[in-house]
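Novice: When you get a sec, could you give me coordinates for this:
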Amino acid sequence: MRNKLFRVVLLAMVAVLLVTACAPKPPVASPEPAVTQPPAAPPPAETPKLKACYIYVGPIGDIGWTNAHDVGRRYVDDKYDWLETAYAESVPEADSDRFIDRFVVEEKCEVVFTTSFGFMDATLAAAQRYPDNYFFHVSGYKRAPNMGTLMADFYQLYYLNGLMAGALSKSGKVGYVAAHPIPEVVRHINAFTQGVRAANPNATVDVRWIFAWYDPAKAREAAEALIAAGVDVLAFTEDTATVVQVGEEYTAKGQPVYTFGHYSPMAQFGPTSLVSGQLVNWGLIYEDILTKIYLGIYTTKNLEHVDYWGLLSGGWQLGAPSSVELGGEFGVPVNPVFADALKAVKVTDQLLGEISVYDLVFKRIEQMKDPAVLFDPFSGPINNQAGELKVQAGQRLSYFELSTIDWFVEGVIGSPKP
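Specialist: Next up, the predicted model:
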């Protein structure tokens, strides 16, 4: 009995094992695919930087020349992330070499702009000391493989202002407050005088040198001395609005003295006395130079013949926007207060016939903006102060002659070489 029971149990166990062995096996889960992490992106390449530094002869708050340059510096500094700028103001011309060395050696400036004629020789010497740096000098004529020159010149605008000055002067005596006897200032005085005498052939321009770019006290003294001598119109080349302010003060007292601004908008200083002026946008030229350096177009080996000469026609290249503009404020070539008076004065032009001075100003702008420069203030015949013929009829002073001019035209009272 016991053996029979054992066999039954054993057969049952074998049956269970057979059922288990034959049963379908559950699916085996596939292993999860391995997740491959993408390689870490390299850090973004840092944008190459360029550092440009500016040396100013006056304070940036001078309202005139230095202020206009600093407006241009800020324009490019704000526009380009790759550009860093720095400046030094009120730098004595005799001490400019020390400031250039500091910018190059200590502040690692790759580009140095020096913005006064008196900085020319120091800039050239620095270019020779630092052949791997870029140098640009404003208003000079000396260059090197790593040193170019630039100028936004006003002689065309001074001529236009001279036309208006000659038309408005009742006394025929016009005054000019001048900073230093350098070619730039002599050129502007001559162009202004050419304009004055085109509208008033017997008028004179009395020049008073103050031997300073920024000295409001000297500028005031010279302006008041000229008014005491009988002038009723004032122009100037120095870096303050003092002459305009003096003209406005006398006009307010019932003694009209007409003025013309210089380099920066000055209409606010002479709403009833300022007729027009000359304005500049240095930012356009700085932008062109710095982008060409950044892109590798300009190198430290090819600047010897790079010279920007910004005029109404666009200057450094055909089609380039003009960096200079007529007016006491941007967009207003002539103060509307004086429009009727200028329209009332007629002159006779050889080609245009009888024309008002007001209309002639705009006709001359059109002619000088033309790439062919259909009119130029320094076209002959032109005599010097002694009445000697300096420019023959049909000839025109060359760029080099204009950039080195050291003689006054007929009609100027004073000496270009005190």
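Novice: going forward, measure contacts between C-alpha atoms and count neighbours the same way
Specialist: Noted.
Novice: Which element, helix or strand, includes Pro48?
Specialist: If you go by DSSP states H and E, Pro48 is not part of any helix or strand.
Novice: All the strands of the stretch 251-400 of the chain, residue numbers only.
Specialist: Secondary structure of the stretch 251-400 of the chain (DSSP state E, counting those that start in this stretch): strands located at 258-263, 274-280, 307-310, 324-326, 346-349, 353-356, 382-383, 389-391.
Novice: Now the third one - C-alpha only, PDB.
Specialist: Just to be clear, that refers to strand 307-310. C-alpha atoms of strand 307-310 as PDB (Å, rounded to 0.1, in the frame of the first residue of the first chain):
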ATOM      1  CA  ASP A 307      44.600 110.500 -46.400                       C
ATOM      2  CA  TYR A 308      41.000 111.500 -45.700                       C
ATOM      3  CA  TRP A 309      40.000 114.900 -47.000                       C
ATOM      4  CA  GLY A 310      36.300 115.200 -46.100                       C
END
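Novice: what mean pLDDT does it have?
Specialist: Average pLDDT, strand 307-310: 88.
Novice: tell me what that strand is packed against?
Specialist: In this structure, strand 307-310 makes packing contacts with strand 147-152, judged by 3 or more CA pairs under 8 Å, 6 or more residues apart in numbering; DSSP states H and E.
Novice: now do the longest one
Specialist: Contact here means 3+ CA pairs under 8 Å, 6+ apart; on that basis strand 274-280 packs against helix 155-168, helix 242-252, strand 258-263, strand 324-326.
Novice: Direction included, what does the shortest one pair up with?
Specialist: Under the criterion DSSP bridges, strand 324-326 sits next to strand 274-280 (antiparallel) in its sheet.
Novice: what sits up against the strand it pairs with?
Specialist: For strand 274-280, the surrounding residues in contact (CA atoms under 8 Å, 6 or more residues apart in numbering) are 68, 152, 154, 157-158, 161, 164, 244, 247-248, 258-267, 323-330, 333-335, 337-338.
Novice: now the helices and strands packed on strand 274-280 as JSON lines including mean pLDDT and mean neighbour count?
Specialist: Output for the helices and strands packed on strand 274-280, formatted as JSON lines (pLDDT from 0 to 100; neighbours: other CA atoms under 10 Å):
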{"stretch": "helix 155-168", "mean pLDDT": "98", "mean neighbour count": "28"}
{"stretch": "helix 242-252", "mean pLDDT": "98", "mean neighbour count": "22"}
{"stretch": "strand 258-263", "mean pLDDT": "95", "mean neighbour count": "30"}
{"stretch": "strand 324-326", "mean pLDDT": "95", "mean neighbour count": "25"}
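Novice: Would you mind saying which of the ones you listed lies nearest Pro416?
Specialist: helix 155-168 (16.3 Å; CA to CA).
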